[in-house]
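**Q** Okay, sequence plus prediction incoming.
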Amino acid sequence: MTPSPLLLELTARVKAKAHTSPFSPCPCPAGTLADRPDATVVRHADTVAKAHAPQTAPADLLPRLTTATRHPDLLLPPLIPTPVPLHGRLVTFWPYGTPVDPDDPDAAPWEEAATLLARLHRTPVQAPGLPPMRGPAKAAHAVARLRAAGPHPATAPVLRAWSTLPAWARAEAPMPDTSTLCHGDLHLGQLVRHPAPDGPWRLIDVDDLGVGVPAWDLARPAAWYACGLLPPDEWTRFLHAYRTAGGPAVPAEGDPWPSLDVPARALTVQTAARAVTKAVAQERPLDEVEQALADACARMGSVPPGLAPGSGK
């Protein structure tokens, strides 16, 4: 497949950023890390360039970059503080960090991720104009794509589970928390070691960063645990580390689920919607993990969310 003009020029830009003389051959590590409609990411040596989604607004991205610049102990800071336009996209430049090894689950940094989240949630919002975190909007987008994907047996239970959620979790009303700094899309792929290869862990990907309900940042591991996809000991380690670090999303003691229930349900629906949409496009049945998510949505549809703080009920 011929690389797109965006990918070709982005590759040239990141090489130019990494070297004084970008046209000389070099043995540096380089390559395309992602090439999707919503993000194209390339690396050359210790520099990474990212072309953000076409609809990304400069007024939203700039305060997110400013936040990362001001908190380099939590978030990987950009190499330059402002985005650069390229082929109708906004491009940002970052230092390369070592990602989590997906082939070594025993070394997954659950405690480090939870501690970073707790510290992020306790950090005062300083960047003027920081928008709401995009978690609910991304879930709503996944559901919209599911509705347009075509018939599938799992579609109805996923949509039924979605319909039980409060309006804020479906991005149909403002979030009940507008002052807490949130990542917006937390999973282990959003952590890197910097400086590479074994520096401290930092959070990456500021596209969804903003103010909102902090429990959303715990919702993906909580949903995986509830669906049987995350072992109980790993969930316990994550939750304990978050509480030990003073994270405000859940009570310091006792049952965390009144706070986590709605966000965890929303993340379950989002993940199931993406899985079913992909299965429809590939004309195949759901695999075991995808079916577990669809089954969880079927159970959720028959049991409405609990009366949790900020649930909108």
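**A** Yes, it's here.
**Q** What distance do you get for the nearest residue to P285 once chain neighbours are set aside to L286?
**A** Closest residue to P285 apart from its sequence neighbours, by C-beta to C-beta, 6 or more residues apart in numbering: A279 at 6.8 Å. Where you see a C-beta, it was placed from the backbone N, CA and C, and this is true even at glycine. A279 is 5 Å from L286, where distance means C-beta to C-beta, to the nearest Å.
**Q** what do those two both touch?
**A** A154 (C-beta atoms under 8 Å, 6 or more residues apart in numbering).
**Q** Of all the residues in whatever helix or strand A49 lives in, which ones are buried?
**A** Taking DSSP states H and E as the criterion, A49 maps to strand 47-52. The neighbour-count criterion (16 or more other C-beta atoms under 10 Å) identifies T47, V48, A49, K50, A51, H52 as the buried residues of strand 47-52.
**Q** same deal with stretch 75-86?
**A** Burial within stretch 75-86, assessed by neighbour count using 16+ other C-beta under 10 Å, is assigned to L75, L76, P77, P78, L79, P83, L86.
**Q** List the residues that contact the spatially most central residue of the chain.
**A** Central residue of the chain (C-alpha atoms, centre = their mean): D185, 2.1 Å from the mean position. D185 makes contact with R134, G135, K138, D205, D207, D208 under the criterion C-beta under 8 Å, 6+ apart.
**Q** how far does the top helix by length along the chain sit from the chain's center?
**A** Determined from DSSP state H, the single longest helix within the chain is helix 257-282. Chain-centre distance of helix 257-282: 13 Å, with C-alpha atoms, centre = their mean, to the nearest Å.
**Q** Packing partners of the helix or strand following that helix?
**A** For helix 257-282, the following helix or strand on the C-terminal side (DSSP H and E) is helix 288-302. Packed against helix 288-302 by the contact rule (3 or more C-beta pairs under 8 Å, 6 or more residues apart in numbering; DSSP states H and E) you find helix 155-163, helix 257-282.
**Q** Helix 288-302 and the longest one, what's the angle between them?
**A** Between the axes of helix 257-282 and helix 288-302, defined by axes from the mean of the first three to the mean of the last three C-alpha atoms, to 10 degrees, the angle is 130 degrees.
**Q** How about helix 257-282, which residues are buried there?
**A** Along helix 257-282, these residues count as buried under the neighbour rule (16+ other C-beta under 10 Å): 258-277, 279-280.
**Q** any idea of the angle it forms with helix 155-163?
**A** Relative orientation of helix 257-282 versus helix 155-163 (the same axes, to 10 degrees): 150 degrees.
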